[in-house]
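Colleague: Just a sequence and a predicted model for now, questions to come.
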Amino acid sequence: MPSKIVIIGAGFAGVWSALSAKRLINLKGKDKDIEILVISPEPSLVMRPRLYEANAADMTFPLMKLFSSAGIQFLRGTVNTIQVEAHTVKVRTASGAEDSVQYDRLILAAGSAVVRPQAVTGLEEHAFDIDTLTSAVKLESHLETLASLPPSQARDTIVVCGGGFTGIELATELPKRLSRHNINGARVILVESSEEVGPELGSGPRPTILQALQDLNVEVKLGSRVTAVDSKGVTLASGEQIETLTPIWTAGQRATPLTQQIPGSKDSLSRLYVDENLRVPSCQNIFATGDAAYALADTKCHYALMSCQHALALGRVSGHNAAADLLGEPNVAYSQPEYNCCLDLGGWGAVISRGWDRSEQIIGDLAKRGKTFINQKLIYPPEDANEAILAADPATPTGDAQFKVLLEAMA
């Protein structure tokens, strides 16, 4: 009976885990001895980094043909329970049936979700978000509907709650998106609880971000904590009430709740601590990857972020190592010491910063070309199975080497 690698999740880390495991299995001629099974609600890779853009429904990459051609199995369903001692996961399939799947190696790649604090009254009932394909499509439908309503302060005001990476990209994209729905001159407000916009982005790109927000007429309210959301608008801790039909929540992420079912330390974002091979130290047959992993990226105490660029590399390593375990091959240590960040700024352009200190490098239209290349090309897997498996090598260049590819695309 063949051994089985089970991968929970079909996001960037899950897809590249599957392809990387398959690559090593094929190299060793053991494709009959080890099965790879990916479990996810839908057989598609959601381009989550692009959900701030228009046409959210198109932001997917179909996986069934790729997986089938690569010899990777897929089960449509949701994992509710991980039974660590029994090496089993409990799955609710798409038909509603309950199923049990045994594994020899498990890779947890179920990602993360936006945090909706219960302390913010009415948030669950009244706020939009762009965390999932479904929620992004819901927001897009709502924006289309606004045009059919008579002009009013509430209709023509959009409040983006959270001035981090996602909030900035959405807020700067909204003027263009609203104009496509014939809502011109709308009031877009970016609300951030800290005293700085983009607090996690550092000081390097901040002047450019502030300039772009100003040029796009996006209002910024700093040191402003949201306390309530209702059908009429948003209430801040100061007591200020902002009338809006469109409150959008983008503040904070937390790893999949499945991390709580695996013994071991977690960080403040509920990510599992992993060793250099992305193995959970307390469970030798379980790997965590992508947004579920708290992984050291270099020798200077920088940890992988909840980002696409880290998920791509983490997935290649976790898949390789899960297969290597079963094949008796050496593990590969995860290392991603170089970090580059490209932030979309809507109609203004973009800003590209390099290094963990995020020193600013390229801004404006040129940076926008780089962001477009990332969003429309770089983050997509190849459609051809052989190309995709070849690209799943854990030694695939990242960081500065990938930055050179980006510069060439921008030229």
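Modeller: Thanks, I have it.

Colleague: Quick check: mean pLDDT of stretch 121-128?
Modeller: For stretch 121-128, mean pLDDT rounds to 97.

Colleague: repeat for stretch 403-411
Modeller: 75.

Colleague: and it, how far out from the chain's middle?
Modeller: Mean C-alpha position of stretch 403-411 versus that of the full chain (CA atoms, centre = their mean, to the nearest Å) differs by 23 Å.

Colleague: Could you do stretch 148-164 as well?
Modeller: So, by CA atoms, centre = their mean, the centroid of stretch 148-164 is 25 Å from its chain's centroid.

Colleague: likewise stretch 81-97?
Modeller: 24 Å.

Colleague: before we move on, what about stretch 201-221?
Modeller: That offset, for stretch 201-221, works out to 23 Å (CA atoms, centre = their mean).

Colleague: for stretch 338-355, same thing?
Modeller: With CA atoms, centre = their mean, you get 16 Å for stretch 338-355.

Colleague: For it, buried residues please.
Modeller: Buried residues in stretch 338-355, counted by 16 or more other CB atoms under 10 Å: 338-346, 348-354. The C-beta positions use only the backbone N, C-alpha and C, and glycine is treated the same way.

Colleague: can you list contacts of stretch 41-49?
Modeller: Applying CB atoms under 8 Å, 6 or more residues apart in numbering, the set of residues contacting stretch 41-49 from outside is 10-12, 15, 59-64, 67, 74, 76-78, 94, 131-133, 308, 375, 379-381.

Colleague: Could I have the buried ones of those as PyMOL selection syntax?
Modeller: This is how PyMOL selects the buried members of the contacts of stretch 41-49, with burial counted by 16+ other CB under 10 Å:
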select buried, resi 10+11+12+15+59+63+67+74+76+77+131+132+133+308+375+379+381
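
Colleague: Let's see which of the contacts of stretch 41-49 end up in helices.
Modeller: If you go by DSSP state H, these have 12, 15, 64, 67, 133, 308 in helices.

Colleague: Pull up the per-residue confidence for the fourth one.
Modeller: It refers to F67. Looking at F67, its pLDDT stands at 98.

Colleague: check contacts around it.
Modeller: Contacts of F67 by CB under 8 Å, 6+ apart are 18, 38, 43, 73-74.

Colleague: Dump these to a markdown table, plus pLDDT.
Modeller: Shown next, in a markdown table, are the contacts of F67 (pLDDT from 0 to 100):
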| residue | pLDDT |
| --- | --- |
| A18 | 98 |
| V38 | 98 |
| P43 | 98 |
| Q73 | 98 |
| F74 | 98 |
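
Colleague: Output these as TSV; include the columns distance to E173.
Modeller: Formatted as TSV, those follow (distance: CB to CB, whole Å):
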residue	distance to E173
A18	32
V38	31
P43	28
Q73	38
F74	33
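
Colleague: and the host helix or strand of K371, how far from the chain's centre?
Modeller: Using DSSP states H and E, K371 sits within helix 364-373. Distance of helix 364-373 from the chain centroid (CA atoms, centre = their mean) equals 20 Å.

Colleague: Show me which positions of that helix end up buried.
Modeller: Buried residues in helix 364-373 (16+ other CB under 10 Å): 367-373.

Colleague: Same check on stretch 217-233?
Modeller: Under 16+ other CB under 10 Å, the buried positions of stretch 217-233 are 218, 220-221, 224-229, 233.
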